[in-house]
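Q: Sequence and predicted structure, then a few things I'm wondering about:
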Amino acid sequence: MMERMDSEAFEQGAAFVPRARESWRSPWEMYARLRDHDPAHHVEAGDYWVLSRFDDVFAAARDHETFSSAEGLTFEYDERRKAGLTEAAPIVMMDPPEHTAFRRLVGKGFTPRHVQEIEPAVRAFVVDRIERLRERGSGDIVAELLKPMPSFVVAFYLGVPERDWARFDGWTEGIVAANSEGDALRAGDAVAELLTYFSELIEEKRRNPGDDTISALVATGEADVPLMQVLGFAFTMVAGGNDTTTGLLSTGCELLTRFPEQRAHLFADPGLLPTAVEEMLRLSSPVQGLARTTTRSVELHGREIPEGRKVLLLYASANRDPRKFGETAEEFEVDRDVTPIMTFSYGAHFCLGASAARLQARVVLEELLERCPRFAVDHEAGTFAPGHYVRRYESLPFVADGGV
């Protein structure tokens with residue numbers, strides 16, 4: 001069976017090749033070939049596996065006992081040591097029950113109700129940035145709005161002073177670029193700078209607590225929440241909370257430009273906006289995939305994945321699987337019912353920041369459609385960021401009145 005699968009996959013060109021920068025422009029055909037011809041695909045260079053169908057990815061994401069996060073989320077082995085995270089385990093690299101206990105502590109600040117409390121500040125930030133673009137008539141919407149806004153939100157949660165917001169971007173870029181280029185030293189340097197900064201911030205929060213998540217964690221007592229766990233949480237927020245929202249909204253702007261009839265449908269019925277955001281989440285899948293490590297051998301589609309192997313859960317491919325979403329799975333439909341989707345993963349590791357991401361998307365789209373109803377972006381002239389896991393525009397030309 002395995003030989004037949006390998007032969008068919010080879011003949012159909014089903015192979016997984018990590019993407020970065022320009023090669024992110026269209027990975028969709030590769031995903032489709034994997035789904036159709038080699039849904040449990042082995043990448044010999046690196047010795048890891050790739051799951052691409054919705055049902056397989058969904059099941060693996062929910063089975064943390066078999067598909068563990070504790071060894072890291074990339075397809076590289078010895079990831080935590082290379083990134084300098086042997087002690088400061090981020091929450092995304094914990095498994096239950098450790099993960100459950102820590103998530104309970106930090107999760108209180110990420111309920112939909114708590115997230116709504118920051119909406120006025122987010123809206124004021126978004127309006128200011130959109131008005132700047134509208135007055136000039138054009139600009140780079142990533143640089144002006146879609147990149148700085150998530151940093152603003154992350155800073156709010158962590159209690160970081162405004163003067164330090166720009167440092168988030170440098171750390172994020174360094175970590176993502178290092179993962180892309182396989183330069184563990186560069187990743188270690190960026191992580192070390194980030195952890196040093198937050199070590200100092202945590203001490204400041206002990207002396208002068210504020211209304212933020214870091215203050216709430218350290219206020220519970222150092223014995224209950226070790227310093228390294230707080231640092232790991234800060235790492236997760238900075239590294240994972242910035243570029244993912246940028247990816248969602250930059251692709252969302254592209255979709256609204258490329259599908260004017262869907263934009264018109266949404267404009268005529270603003271009540272569809274929450275549904276449209278879910279559809280954008282499905283099609284954009286900013287985190288295209290993350291890896292787990294098998295704790296036992298797994299048989300899937302006639303193949304055996306050995307114990308201790310990295311398995312990449314290809315969320316973006318799962319979100320476009322016609323077996324789940326029908327023949328129009330690759331198309332943008334603002335009134336599509338897409339529950340469930342894999343954009344925020346599922347199970348124990350469902351994204352803690354999902355409500356915050358949805359809030360940011362809703363506010364940006366509300367204000368864009370209200371203030372620049374004929375806006376357009378030039379996705380062909382846009383450029384993509386480095387990194388093998390997050391697909392996002394690094395730059396995206398914007399016109400306030402594009403005649404769409």
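A: Noted; the coordinates are in hand. Residues are numbered from 1 along each chain as shown.
Q: alpha carbons only for contacts and neighbour counts from here, please
A: Will do.
Q: Can you tell me how far the residue lying closest to A400 once chain neighbours are set aside is from Y48?
A: Closest residue in space to A400, ignoring its immediate chain neighbours: F375 at 4.4 Å, by C-alpha to C-alpha, 6 or more residues apart in numbering. As defined by C-alpha to C-alpha, to the nearest Å, F375 lies at a distance of 43 Å from Y48.
Q: got it, and Q288?
A: 16 Å.
Q: cool, F344 as well?
A: 22 Å.
Q: Counting neighbours, go ahead and name the busier of the two.
A: Y48 (23 against 20; other C-alpha atoms under 10 Å).
Q: That one contacts V311, correct?
A: Yes - contact between Y48 and V311 holds when scored by C-alpha atoms under 8 Å: they sit 5.8 Å apart.
Q: Spit out the residues that contact those two alike.
A: Listed as contacting both Y48 and V311 by C-alpha atoms under 8 Å, 6 or more residues apart in numbering are F75.
Q: pLDDT score for the residue nearest to A400?
A: We have a pLDDT of 96 for F375.
Q: Can you give me the neighbour number for it?
A: 21.
Q: Ramachandran angles for V298?
A: phi -130, psi 130 (degrees, to the nearest 10).
Q: What sits closest to it if chain neighbours are left out?
A: I305 (5.0 Å).
Q: Just to check, that neighbour is in contact with E299?
A: Yes - look at I305 against E299 with C-alpha under 8 Å: they come within range, at 6.2 Å.
Q: Compare the two (neighbour count), which wins?
A: Between I305 and E299, counted using other C-alpha under 10 Å, I305 has the larger neighbour count: 20 against 11.
Q: list the contacts for the more buried one?
A: Contacts of I305 by C-alpha under 8 Å, 6+ apart are 49, 294, 297-299.
Q: Pull out the buried positions in stretch 68-79.
A: Residues 68-77, 79 are the ones in stretch 68-79 that count as buried (16 or more other C-alpha atoms under 10 Å).
Q: Actually, stretch 395-404.
A: 395-400, 402.
Q: then it to CSV, C-alphas only?
A: Taking C-alpha atoms only, stretch 395-404 is exported to CSV below (Å, rounded to 0.1, in the frame of the first residue of the first chain):
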residue,chain,number,x,y,z
SER,A,395,3.6,45.4,2.2
LEU,A,396,0.4,46.0,0.4
PRO,A,397,-0.3,49.1,-1.7
PHE,A,398,-3.7,50.8,-0.8
VAL,A,399,-5.8,53.3,-2.6
ALA,A,400,-8.6,55.0,-0.7
ASP,A,401,-10.8,55.4,-3.8
GLY,A,402,-10.0,52.6,-6.2
GLY,A,403,-13.3,52.7,-8.0
VAL,A,404,-14.2,49.1,-6.8
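Q: contact partners of that stretch?
A: Outside stretch 395-404, the residues touching it (C-alpha under 8 Å, 6+ apart) are 133-134, 137-143, 250, 257, 260, 372-379, 381-384.
Q: Confirm that H42 sits in a strand.
A: Yes - assignment of H42 by DSSP: H, G, I helix; E, B strand; the rest coil places it within a strand.
Q: gap between it and A15?
A: 9 Å.
Q: Also G326?
A: Distance, G326 to A15, by C-alpha to C-alpha: 24 Å.
Q: quick one: low-confidence parts of this protein?
A: For the chain, the stretches flagged by pLDDT under 70 are 1-12, 83-89, 105, 107-114, 168-169, 172-188, 220-226, 239, 403-404.
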